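I need the structure of the sequence given here:
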Amino acid sequence: MGFIAFLILGLIAGAIAKLILPGKQSGGWFATLILGVVGSMLGGWLGSVIFDAGLDEFWSLQSWVLAIVGSIIVLVIYGATLGRGKKR
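Just a heads-up that it's a prediction; the model follows:
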């Protein structure tokens, strides 16, 4: 997969992860892109380690599932680190 395709995959996976997770997450489109790309990398790595399947092609279902699951994991960690549930 090319670099631009990986960025697009990360942006869309990050947006889908934000839609799946309940509550309000901070960050705009750039934060979504960064979290999605990091999540895609994490999902691809976890997929290759656990299932022996990585991010091979842009239109592959396994690439999308791994990228979205990785983005959800990164978004949960990001929200927990920033204390999004903190009350003042």
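
got the buried residues for stretch 54-66?
54, 55, 62, 63, 64, 66 (16 or more other C-beta atoms under 10 Å). Every C-beta, even on glycine, is put in place using the N, C-alpha and C of the backbone.

pLDDT for those - can I get that in TSV?
Below are the buried residues of stretch 54-66 laid out as TSV (pLDDT from 0 to 100):
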residue	pLDDT
54	76
55	77
62	89
63	90
64	92
66	93
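
Find the centremost residue of the chain, please.
residue 71 (1.8 Å; C-alpha atoms, centre = their mean).

what packs against the helix or strand hosting that residue?
Assigned by DSSP states H and E, residue 71 belongs to helix 61-82. Helix 61-82 sits against helix 3-20, helix 29-46, with contacts defined as 3 or more C-beta pairs under 8 Å, 6 or more residues apart in numbering; DSSP states H and E.

so which of those helices is the most packed in?
helix 29-46 (a mean of 20; mean count of other C-beta atoms under 10 Å).

residue contacts, residue 20?
Residues in contact with residue 20 (C-beta atoms under 8 Å, 6 or more residues apart in numbering) are 68, 72.

hang on, I meant residue 7
Going by C-beta under 8 Å, 6+ apart, residue 7 touches 33, 37.

Spatially nearest residue to residue 1, not counting backbone neighbours?
Closest residue to residue 1 apart from its sequence neighbours, by C-beta to C-beta, 6 or more residues apart in numbering: residue 58 at 5.6 Å.

and residue 66, how far is that from residue 43?
4 Å (C-beta to C-beta, to the nearest Å).

Report the set of residues contacting both of these two.
With C-beta under 8 Å, 6+ apart, residue 66 and residue 43 have common neighbours residue 55.

returning to what we had before: quick check: the farthest pair among the buried residues of stretch 54-66?
Farthest apart among the buried residues of stretch 54-66 by C-beta to C-beta are 54 and 64. That separation is 12.6 Å.

Ignoring the adjacent residues along the chain, who's closest to residue 54?
That would be residue 48: by C-beta to C-beta, 6+ apart, it lies 4.2 Å from residue 54.
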